[in-house]
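Trainee: when you get a sec, could you give me coordinates for this:
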Amino acid sequence: MAGVVLDKVNKQYDNGFHAVRDLDLDIADGEFLVLVGPSGCGKSTALRMVAGLEDISSGVLRIGDRVVNTLSPKDRDIAMVFQSYALYPHMTVAQNIAYGLRIRRMPKDEIARRVQRAATMLELGPLLDRRPSRLSGGQRQRVAMGRAIVRDPQVFLMDEPLSNLDAKLRVQMRAEIATVQQDLNVTTIYVTHDQVEAMTMGDRVALMKNGVLQQVGNPQHVYDHPDNIFVAGFIGSPPMNMALATLALDGDDLHLHLGSTVLRLHPGVLAARPRLREYAGRELAAGLRSEDMEDARLVPDAPRDARIAATTTLIEALGSQLVVHFNLDAPPVVTEDTRLLAEDAKTADLPAAASASSPASAATRFVAAFAPRSRVRLGEHIEVVVDTKRMHFFDPETGAAIRD
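Mentor: Take a look at the predicted model:
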């Protein structure tokens, strides 16, 4: 096993397109790192450079103690699992798993031992004599994983391996891949567009945008402390609610003007983010996670200045929670990042421009997660309690989080 280090790695094509810019990543031995981001962000290109399938324009790539920039894929001691299963249809499961070992002329008894170990780990034992045509999508992906496992590589590289599976199988396979990786303790780089996969599988997540690394860290830390508007909008399902607002500072009391709503922020907000003083009287982007809002009828002792008056526009009953949609009369945040996020989500409901000072600005849709015991109804006028201590604040021009 070995760690992987990318030191100022770049990929620029002959036509001038810069796919990956100065990528710095230090992936520890045995770590499971998930590269995540929208389509075209450079994550698969980065993975292919580690694999040796793409040349590195500049920078240094190390696997273990070796600089591998110029090594061929077969000399890097890596194993890849692709989106497509690429199984040989005329071979059995056992033959597909063993194929790479036979090509390397490994002794038959060692091949048999490794195939059996992988089959046991992936619960493929009863299927070893079947051909791919008799397997489900999930079983085929297990075979593709088995083919990688038997090689005992230093590094696993996985490029959106679950994207061809249905939703139920994806959930099952996420857990299985994470379990196998923990059992083998092999350094793994996993590429996905699905931020749920990123949050649930990786030891760390690395989020990319337009070839540039935006943030890397423990999944929960990235979720709780996004570095910028793009990270805040991409990580989380549903995405973070965000609208333009202005701050008013009276001594140590901080009030947030969010459309016609005025929220008194928790005293701890200013203590944790002293730079907010600089934004008094200025416009900023205010963010709020759906789980940090609740039906006011369920928290009757909540202060009046921590509530938003709203009318429900959509209610989704999920059993464990009610997802409640409502419109807030505060302008949406419209930046290059929010446009990219909207495009990635295949939505086009953002106006061309928005400003808190513009009376013509559109309202912003907010999504709250209420406890299932809430009896909220569609079209009902309600009050929403906001946990202001957990709000997020960003500079609308730079997109950067406002913190210390």
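Trainee: buried residues in the helix or strand of the chain with the lowest mean pLDDT, which are they?
Mentor: One helix or strand of the chain scores below all others by mean pLDDT, DSSP states H and E: helix 167-184, with a mean of 88. For helix 167-184, the neighbour count (16 or more other Cβ atoms under 10 Å) marks 169, 170, 173, 174, 176, 177, 178, 180, 181, 184 as buried. (Each C-beta comes from the backbone N, C-alpha and C, glycine too.)
Trainee: and for stretch 255-271?
Mentor: For stretch 255-271, burial by neighbour count (16+ other Cβ under 10 Å) applies to 255, 256, 257, 258, 259, 261, 263, 264, 265, 266, 269, 270.
Trainee: check the residues you listed and tell me the two furthest apart.
Mentor: 259 and 270 (21.7 Å; Cβ to Cβ).
Trainee: before we move on, the earlier item: now tabulate the buried residues of helix 167-184 in TSV and tack on distance to residue 299.
Mentor: Compiled in TSV, these are given as follows (distance: Cβ to Cβ, whole Å):
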residue	distance to residue 299
169	39
170	35
173	39
174	34
176	40
177	40
178	36
180	43
181	41
184	46
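Trainee: and which of those is nearest residue 367?
Mentor: residue 170 (22.8 Å).
Trainee: isn't the closest one right up against residue 162?
Mentor: Yes: if you go by Cβ atoms under 8 Å, residue 170 and residue 162 touch, sitting 4.8 Å apart.
Trainee: any common contacting residues for these two?
Mentor: 194, 197 (Cβ atoms under 8 Å, 6 or more residues apart in numbering).
Trainee: skipping its backbone neighbours, what lies nearest the residue nearest the centre of the chain in space?
Mentor: Residue closest to the mean C-alpha point of the chain, counted by Cα atoms, centre = their mean, is residue 195 at 2.8 Å. Distances taken as Cβ to Cβ, 6 or more residues apart in numbering place residue 235 nearest to residue 195, at 5.4 Å, with adjacent residues excluded.
Trainee: can you check the pLDDT for the one you found?
Mentor: Per-residue confidence (pLDDT) for residue 235: 95.
Trainee: how about the strands in the stretch 251-400 of the chain?
Mentor: 253-258, 261-264, 283-288, 293-295, 307-317, 322-328, 364-370, 381-386, 392-394 (DSSP state E, counting those that start in this stretch).
Trainee: name the residues of stretch 319-326 that are buried.
Mentor: Neighbour-count burial for stretch 319-326, counted by 16+ other Cβ under 10 Å, picks out 321, 322, 324, 325, 326.
Trainee: wait, doesn't residue 297 sit right on residue 371?
Mentor: No: Residue 297 is beyond contact range of residue 371, at 10.3 Å (criterion: Cβ under 8 Å).
Trainee: in the stretch 151-300 of the chain, where is pLDDT below threshold?
Mentor: Applying pLDDT under 70 to the stretch 151-300 of the chain picks out no residues at all.
Trainee: which residues of it fall in helices?
Mentor: In the stretch 151-300 of the chain, the helices defined using DSSP state H, counting those that start in this stretch lie at 167-184, 195-201, 219-224, 229-234, 267-272.
Trainee: closest one to residue 212 among the ones you listed?
Mentor: With Cβ to Cβ as the criterion, residue 212 lies closest to helix 229-234 of the helices of the stretch 151-300 of the chain, at 10.0 Å.
Trainee: what does the closest one contact?
Mentor: Contact with helix 229-234 is made by 36-38, 195, 207, 209, 214-215, 222, 226, 239-240, 242, 285, 287, 333, 335, 337-338, 340-341, 344, 392, 394, 399, 401, as judged by Cβ under 8 Å, 6+ apart.
Trainee: just the buried members of those residues?
Mentor: 36-38, 195, 207, 209, 214-215, 222, 226, 239-240, 242, 285, 287, 333, 335, 337-338, 340-341, 344, 392, 394, 399, 401.
Trainee: in the stretch 1-150 of the chain, which spans are strands?
Mentor: Ranges of strands within the stretch 1-150 of the chain are 4-12, 18-27, 32-36, 58-63, 66-67, 78-81, based on DSSP E, counting those that start in this stretch.
Trainee: mind putting those strands in JSON lines, distance to residue 49 and mean pLDDT included?
Mentor: As requested, these are arranged in JSON lines below (distance: least, Cβ to Cβ, whole Å; pLDDT from 0 to 100):
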{"stretch": "strand 4-12", "distance to residue 49": "6", "mean pLDDT": "98"}
{"stretch": "strand 18-27", "distance to residue 49": "7", "mean pLDDT": "98"}
{"stretch": "strand 32-36", "distance to residue 49": "11", "mean pLDDT": "97"}
{"stretch": "strand 58-63", "distance to residue 49": "7", "mean pLDDT": "98"}
{"stretch": "strand 66-67", "distance to residue 49": "13", "mean pLDDT": "96"}
{"stretch": "strand 78-81", "distance to residue 49": "12", "mean pLDDT": "92"}
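Trainee: which residue ranges make up each domain of the chain?
Mentor: 4-233, 234-394 (automatic domain parsing).
Trainee: pull out the buried positions in stretch 95-112.
Mentor: Buried positions in stretch 95-112, judged by neighbour count with 16+ other Cβ under 10 Å: 95, 96, 97, 98, 99, 101, 111.
Trainee: show me those that map onto helices.
Mentor: Per DSSP state H, helices hold the following members of these: 95, 96, 97, 98, 99, 101, 111.
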